[in-house]
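Colleague: Dropping a prediction and its sequence here:
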Amino acid sequence: MICCPRQTICLPRATTGIDCVENMEVAIIGGGAAGLMAAYAAAKNGNRVTVYEKNGKCGKKIYITGKGRCNFTNAVSPEEFLEHVVNNRKFLMRAIYAFTPESCIRFFEDGGVPVKVERGNRAFPASDKASDITRCLEKYCKEEHVGICLDEEVLDFCILNGTVSDIITTKGRKSVDRIIVSTGGITYPSTGSTGDGYKFALKAGHSIVAPVPALCGLNLAGSFFKKLQGLTLKNVALGATYDGKTIYSQMGELLFTHFGVSGPLVLSLSSVINRLDLKRLKVRLDLKPALDEQTLDRRLLRDFEENANKSIFNCLRNLLPLSLIDVVLGRAGLPADKKVNIITRSERLALLTTIKNFDMIVVSLRGAEEAIITSGGVNVKEINPATMESKLVKGLYFCGEVLDVDAFTGGFNLQIAFSTGYAAGKSIKD
């Protein structure tokens, strides 16, 4: 159980009731993508808004997204966007339709950030500078007179009669009418994402879906991958079954590392399997997905005929990357120096099977410090999907990565932050 950092005594406030407050005082806890968007939307409604950011600047995680280029959304329709959401797609529907990827692109372009769309519909600032996205959000907030308190951490808050009250920060006590929690998850803790939002949610009586890394590399059993470290395979197919049922099958790019595998295909797979019992999981790599087994067999026969007096290792040079040949031959039980003209049919079929079904045993996911996003968080069954307001405590909202909503790579997760932040801020009216 996560405990509050200090015991707080909540005192009644001199007010005629929160529903009658004009120009409400709104506290945003966390100045990341979701928090800054929520701040802008809430201030646009005429509220007095203050962002409390424990770091020395806002948007620290924005600065490192897309390797510093910031893939901030994916230029697809809301319907197609939702197909890329891994957990709680239905919960996200209203927020995505209210602030779509198209709306997001227009928002930044209107704010002075030219946008370009690249392969896979990934949208970036034309400058390739993530700082442009953060500066644009800060500019919008400044125009709406949002206060931004840097180096000020929110430690606690009060709940009186089922409604939020004061917040307690490292610099004192502040009276508020609404609180939006946008503190992120547990990934990239150096950016300030250290699970603070779960503490606030638990205090309010919310349940937390156990946070786990998502969009991360996979640790594999054995040591074969060390021989392949640094090898990138393109146009391969990665598949996974769970208790015999196919749960993932995609073509794309994969990278072998010192710990196992990474790359786009693996990152997506990690988000599908991060809540499963990995002992019941089987993962296979098809090294030649463009060739079915019959076509591949004909290719092998042709290569064998043309290289009858060569070793099998040299014969495979035009079919597989050099560093991969030894590993594949070892899996197939074939000595690298065996001459092609004495390879039997059963040996050829064993080679074919290995190429089409290269098994890998996943033992664990890489840690949160390496994962791109967090999967898990505040249980969305306890959150209003239209407003992001808690169903348990009036005036308390959650948005962004702190919620149990996540998606694949390609700008989808930042769009989720913007859409849920916009929904939370826009719903706060006099």
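Modeller: Ah, there it is.
Colleague: Contact partners for the closest residue to Lys60 other than its chain neighbours?
Modeller: Spatial nearest neighbour of Lys60, chain neighbours left out: Thr191 (4.0 Å); criterion: Cβ to Cβ, 6 or more residues apart in numbering. For glycine as for every other residue, the C-beta is placed from the backbone atoms N, C-alpha and C. Going by Cβ atoms under 8 Å, 6 or more residues apart in numbering, Thr191 touches 55, 60-61, 64, 184.
Colleague: for the stretch 201-350 of the chain, what spans make up the strands?
Modeller: For the stretch 201-350 of the chain, strands defined by DSSP state E, counting those that start in this stretch occupy the ranges 208-214, 218-220, 232-242, 245-256, 260-262, 281-286.
Colleague: I would like the residues contacting the fourth one, please.
Modeller: Where contact means Cβ under 8 Å, 6+ apart, the residues beyond strand 245-256 that reach it are 225, 228-241, 261-266, 268-269, 272-273, 285, 289.
Colleague: Neighbouring strands - and their directions - for it?
Modeller: As defined by DSSP bridges, the strand partners of strand 245-256 come to strand 232-242 (antiparallel), strand 260-262 (antiparallel).
Colleague: Surely Glu138 touches Met37?
Modeller: No. The criterion here is Cβ atoms under 8 Å, and Glu138 misses it with Met37 at 11.3 Å.
Colleague: most packed of the strands of the stretch 201-350 of the chain?
Modeller: strand 260-262 (a mean of 23; mean count of other Cβ atoms under 10 Å).
Colleague: what does that strand contact?
Modeller: The contact list for strand 260-262 (Cβ under 8 Å, 6+ apart) reads 216-220, 225, 254-255, 360, 362.
Colleague: would you turn these into JSON lines with pLDDT and distance to Asn379?
Modeller: Converted to JSON lines, these look like this (pLDDT from 0 to 100; distance: Cβ to Cβ, whole Å):
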{"residue": "Cys216", "pLDDT": "97", "distance to Asn379": "23"}
{"residue": "Gly217", "pLDDT": "98", "distance to Asn379": "28"}
{"residue": "Leu218", "pLDDT": "98", "distance to Asn379": "27"}
{"residue": "Asn219", "pLDDT": "98", "distance to Asn379": "29"}
{"residue": "Leu220", "pLDDT": "98", "distance to Asn379": "32"}
{"residue": "Phe225", "pLDDT": "97", "distance to Asn379": "37"}
{"residue": "Leu254", "pLDDT": "97", "distance to Asn379": "34"}
{"residue": "Leu255", "pLDDT": "98", "distance to Asn379": "34"}
{"residue": "Met360", "pLDDT": "98", "distance to Asn379": "33"}
{"residue": "Val362", "pLDDT": "98", "distance to Asn379": "27"}
